[in-house]
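Participant: for reference, the sequence and a predicted model appear below.
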Amino acid sequence: MRTLFVTHASGLTHNMGPGHPEQPDRLRAIERHLENERFQALARVDAVAAPREALLRVHPESYLSALERSVPREGLTALDPDTLLCPHTLEAAFHAAGGAVAAVDEVMSGSADTAFVAVRPPGHHAGPTTAMGFCFLNNVATAARHAAAVHGAERVAIVDFDVHHGNGTQEIFWADRNVLFCSTHQAPYYPGTGATGERGDFDTIVNAPLWAGAGGDDFHEALTTVVLPRVKRFEPDLLLISAGFDAHQNDPLGGLRLTEHDFSEATKRLMDVADRSAKGRVVSLLEGGYDLDALGRSVSAHVLALMGA
Ligand SMILES: [Zn+2]
């Protein structure tokens, strides 16, 4: 089993100001936990910036150039109350999407089995022309479209277990019959979407909302009864995970009660499904997770599972 760990130093320079929960220390916490000798077998790869054409499969040129014009020389430019550009944000965002693309290249070409992409800013709230909820470019959507366009993937499944609904990803793939988007998330909660009735034009959107206070049993029940059967039936060539760890019980933003063990179990169950139709190909991308210690422990558990350890 060869597992990639993809990251980039620019993720440490995107800083939305003191007290913002989506902070550079998140990546430092992950790095610190992955210094453990259990992770020696990881193949560590530096992300490259995403090629423009990869981003253009998700975001129009007008949006990308508007983002570029909005970058401040110094200080911060707010695109929404929680989503701010600093002078280094776009470099980090281009490398975050580029890390996702590179991981897809490695896994689709067979030079790696699984990959975890530890980058920020996250992406699942970003729509084609909307930055919101700490997200600027939709990394997982860029990865899915790249897999189809460059590697001939006919069906890509995305499973999003961040505590927040991946509204941007849902919007991008609403009318795309070749991408299955499945989400577990707390509801009602930010950003307000993700009801079970939201199914997309081709019934390829699958939402499994969880009440505030739901724990591991409820999460695994949602996987067992809703998410995993749909992914199996879809028979994807590639499984992408929008891996947010803010459904952890210690997370300051989320109201669910998952533990790192739940993330490990969910990862193993998703890998079993990927074994059936996708030759085990799994690429996982960091989304949320704001308690630094819980984030580090959860990513460790998730990556160990991806390593088959
Ligand atoms: Zn989140």
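Facilitator: Happy to help now that I have it.
Participant: is residue 32 in contact with residue 296, as I believe?
Facilitator: Yes. Between residue 32 and residue 296 there is a contact under Cβ atoms under 8 Å: 6.3 Å. All C-beta atoms are positioned from the backbone trio N, CA, C, and that covers glycine.
Participant: the two - which one has more neighbours?
Facilitator: Neighbours of residue 32 and residue 296, each counted by other Cβ atoms under 10 Å, are more numerous for residue 296; the result is 21 against 14.
Participant: state the distance from the residue of the stretch 201-309 of the chain found nearest the ion to residue 59.
Facilitator: Distances between the stretch 201-309 of the chain and the ion by Cβ to the ion are smallest at residue 288, namely 2.8 Å. Distance, residue 288 to residue 59, by Cβ to Cβ, to the nearest Å: 21 Å.
Participant: look at these two and report which has more neighbours.
Facilitator: Neighbours were counted for residue 288 and for residue 59 using other Cβ under 10 Å; residue 288 has more, 28 against 23.
Participant: helix/strand/coil for that one?
Facilitator: Residue 288 falls in the coil class when you classify it by DSSP: H, G, I helix; E, B strand; the rest coil.
Participant: and residue 159, that one's in a helix?
Facilitator: No. Looking at residue 159 with three-state DSSP, it is strand, so not inside a helix.
Participant: does it touch residue 238 like I think?
Facilitator: No. Using Cβ under 8 Å as the test, residue 159 is too far from residue 238 to be in contact (11.6 Å).
Participant: quick one, grab the pLDDT at residue 120.
Facilitator: pLDDT recorded at residue 120 is 98.
Participant: for residue 1, same thing?
Facilitator: If you check residue 1, the pLDDT there is 88.
Participant: tell me the contacts of residue 251?
Facilitator: Residues near residue 251 by Cβ atoms under 8 Å, 6 or more residues apart in numbering: 163, 245, 288-291, 294.
Participant: tell me which element it falls in.
Facilitator: Remark: residue 251 resides in no helix or strand, with elements defined by DSSP states H and E.
Participant: how many residues are close by residue 83?
Facilitator: By other Cβ under 10 Å, 22 other residues sit near residue 83.
Participant: beta partners for it?
Facilitator: Taking DSSP bridges, one obtains residue 80 as the residues bridged to residue 83.
Participant: how close does it sit to residue 93?
Facilitator: From residue 83 across to residue 93, the span is 11 Å (Cβ to Cβ).
Participant: list the residues that contact both of the two?
Facilitator: residue 136.
Participant: I figured residue 127 was touching residue 168, is that so?
Facilitator: Yes. Counting by Cβ under 8 Å, residue 127 touches residue 168, with 4.4 Å between them.
Participant: so these two - more neighbours on which side?
Facilitator: Neighbours were counted for residue 127 and for residue 168 using other Cβ under 10 Å; residue 168 has more, 26 against 19.
Participant: return the residues in contact with the more buried one.
Facilitator: Taking Cβ under 8 Å, 6+ apart, we find residue 168 in contact with 123-127, 130, 132, 135, 138, 141.
Participant: then residue 16?
Facilitator: By Cβ under 8 Å, 6+ apart, residue 16 lies in contact with 22-23, 76, 82-84, 86, 89, 134.
Participant: let's see it at 10 Å
Facilitator: Residues near residue 16 by Cβ atoms under 10 Å, 6 or more residues apart in numbering: 22-24, 76, 78, 82-86, 89, 121, 134.
Participant: farthest pair within those residues?
Facilitator: 24 and 78 (18.4 Å; Cβ to Cβ).
Participant: so which of the two has more stuff around it?
Facilitator: Ranked by neighbour count (other Cβ under 10 Å), residue 24 and residue 78 place residue 24 first, with 17 against 12.
Participant: for residue 215, list each beta-bridge partner.
Facilitator: residue 257.
Participant: number of nearby residues for it?
Facilitator: Using other Cβ under 10 Å, residue 215 has 15 neighbouring residues.
Participant: isn't it up against residue 257?
Facilitator: Yes. With contacts defined as Cβ atoms under 10 Å, residue 215 counts as touching residue 257 at a distance of 4.1 Å.
Participant: between the two, what contacts are shared?
Facilitator: Between them, residue 215 and residue 257 share these contacting residues under Cβ under 10 Å, 6+ apart: 247, 249.
Participant: show me where pLDDT drops low in the stretch 1-150 of the chain?
Facilitator: Applying pLDDT under 70 to the stretch 1-150 of the chain picks out no residues at all.
Participant: in it, which spans are strands?
Facilitator: 3-7, 43-46, 77-80, 83-85, 114-117 (DSSP state E, counting those that start in this stretch).
Participant: need the winner for burial among these.
Facilitator: Mean neighbours per residue, mean count of other Cβ atoms under 10 Å, is largest over the strands of the stretch 1-150 of the chain for strand 114-117, with a mean of 29.
Participant: tell me the helices and strands packed up against that one.
Facilitator: strand 3-7, strand 43-46, helix 89-108, helix 139-151, strand 238-243, helix 260-277, strand 282-286, helix 292-306 (3 or more Cβ pairs under 10 Å, 6 or more residues apart in numbering; DSSP states H and E).
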